[in-house]
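> For reference, the sequence and a predicted model appear below.
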Amino acid sequence: MTDYKAVTPFIAQIVTHKIGLYCSERMSIDLYYLIEATNLLLEDFGEEEIRKIYSTRKLNFDETKKSMEKLNKFVSIAKGWYDAIQDKKFERRTEELKVQAMFKRNFIKSLRNISLTQKHIYQLFVILVKETTIQGRTIPSESFKVLEHIGFKKIDLTGKKPIESSSSPDVVKNQ
Amino acid sequence: MKLIKNILDYNLSRYNEYMLNRDYIKGISKFYSVYNLCCSVIGYSDSKKLVRKRDKLFLKLIFCNRRDIYDKVLKKIRKQINADMNVVLKAINLIDRQIADAPYEASDFYKDWAVGVLAYEYPE
């Protein structure tokens, strides 16, 4: 029978909330919340315990820690630019403030340093979830943020000509 | 593993919505967050060459201005996603089996509402 480590209730609540935010975000900003959740779980679980687990699985924990620090640095820079952007939908607009355009440009440039495939952070997260009682929890629905309306695209009627009102036919009264 | 299943279900539904709404960059980034989680679940890792190729294609898509090149790159990425979907399916099947085979549910015994409730001392 496997022994699962019980997570402190307070930490478990914060972690599930952070994971809800992780699911809601995209374009590498989700990694910001995943790193926070993983660090919290790691603090609660204990670094020494995780090192033992890593050594039994023949994995290098120091490499993971180094990669996480590097990733955290780049993700923090990207988030800094992302938070300043007002329109999170990234719609193409003809008229846009120069400052907003600069924020979007710098955010997209900052994505260059963050790879699509992230091995270490996800590996650590999955190991922590598997070894603790947090694996049985569900994410509360209020943690999922709605960033933009997702559904069918809005139909733009501004380009169409207005309907001309047709003159009503003369009613001939039968006398 | 209920938590990971929860995360995968939500993220995959968001990926489908983004792709249906033609928000390809957001959809692709969402798919690869699912893919990374699934790789960790089944213990699979990509070669460095494939990782670099994927990143190069994604950055090309983001910084592309020409429509014809955008369509070509998108087609290549979609082909890659179709291949990577096998890993996602394997991981989901594994998680479903683990949830079904578990003899008990490993979770916290306290109630969620109990956290933060103040304890009052009753008078003697």
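Looks like it came in fine.

> contacts, neighbours, all on C-alpha from now
OK.

> In contact with the spatially most central residue of chain B, which residues?
Centroid-nearest residue in chain B, with C-alpha atoms, centre = their mean: residue B:34, separated by 1.7 Å. Contact partners of residue B:34, counting by C-alpha atoms under 8 Å, 6 or more residues apart in numbering or on different chains, are B:8, B:11, B:12, B:88.

> part of a strand, is it?
No. According to DSSP: H, G, I helix; E, B strand; the rest coil, the state of residue B:34 is helix, so it is not within a strand.

> Kindly provide the whole-number mean pLDDT of stretch B:86-93.
Across stretch B:86-93, pLDDT averages out at 91.

> and the residue sitting nearest the centre point of chain A, how far is that from chain B?
Nearest residue to the geometric centre of chain A (C-alpha atoms, centre = their mean): residue A:25, 2.0 Å. Using C-alpha to the nearest C-alpha, to the nearest Å, we find residue A:25 at a distance of 9 Å from chain B.

> Between the two ends of stretch A:13-33, what distance do you get?
Distance between the boundary residues of stretch A:13-33 (C-alpha to C-alpha, to the nearest Å) amounts to 14 Å.

> buried sites along it?
A:13, A:15-33 (16 or more other C-alpha atoms under 10 Å in any protein chain shown).

> and chain B, which residues reach chain A?
B:1-4, B:6-7, B:10-11, B:17-18, B:21, B:25-26, B:29-30, B:32-33, B:36-37, B:40-41, B:45, B:51, B:54-55, B:59, B:62, B:105-108, B:115 (C-alpha under 8 Å from any C-alpha of the partner chain).

> Residue A:75 reaches residue A:31, doesn't it?
Yes. Shown here, residue A:75 and residue A:31 form a contact pair, counting by C-alpha atoms under 8 Å, at 7.1 Å.

> contacting residues for residue B:54?
Counting by C-alpha under 8 Å, 6+ apart, residue B:54 makes contact with A:116, B:77.

> Which helix runs longest in chain A?
Assignment by DSSP state H gives helix A:61-84 as the longest helix of chain A.

> by contact count, what packs against the helix or strand following that one?
Counting by DSSP states H and E, the next helix or strand C-terminal to helix A:61-84 is helix A:98-110. In this structure, helix A:98-110 packs against helix A:61-84, with contacts taken as 3 or more C-alpha pairs under 8 Å, 6 or more residues apart in numbering or on different chains; DSSP states H and E.

> helices or strands next to the helix it packs on in the packing?
helix A:30-45, helix A:98-110, helix A:120-131.

> what's the spacing between the very next helix or strand once past the longest one and its chain's center?
Read that as helix A:30-45. Counting by DSSP H and E, the next helix or strand C-terminal to helix A:30-45 is helix A:47-56. Distance, stretch centre to chain centre, for helix A:47-56: 28 Å (C-alpha atoms, centre = their mean, to the nearest Å).

> and helix A:47-56, which residues are buried?
A:50, A:53, A:54.

> Show me what it is in contact with.
Contact with helix A:47-56 is made by A:42, A:60, A:61, as judged by C-alpha under 8 Å, 6+ apart.

> Find the residue ranges of chain A scoring beneath the pLDDT cut-off.
For chain A, applying pLDDT under 70 flags the ranges A:1-2, A:89-96, A:145-175.

> what does it put close to chain B?
So far as C-alpha under 8 Å from any C-alpha goes, chain A lies against chain B at A:4, A:6-7, A:9-10, A:19, A:23, A:26-28, A:108, A:112, A:115-119, A:122-123, A:126, A:129-130, A:133-139, A:150-153.

> out of those, which are buried?
Among the residues of chain A next to chain B, the ones that count as buried (16+ other C-alpha under 10 Å) are A:6-7, A:9, A:19, A:23, A:26-28, A:108, A:112, A:115-119, A:122-123, A:126, A:129-130, A:133-139.

> Could you give the separation of the one helix or strand residue B:76 maps to from the chain centroid?
Assigned by DSSP H and E, residue B:76 belongs to helix B:67-101. Offset of helix B:67-101 from its chain centre (C-alpha atoms, centre = their mean): 10 Å.
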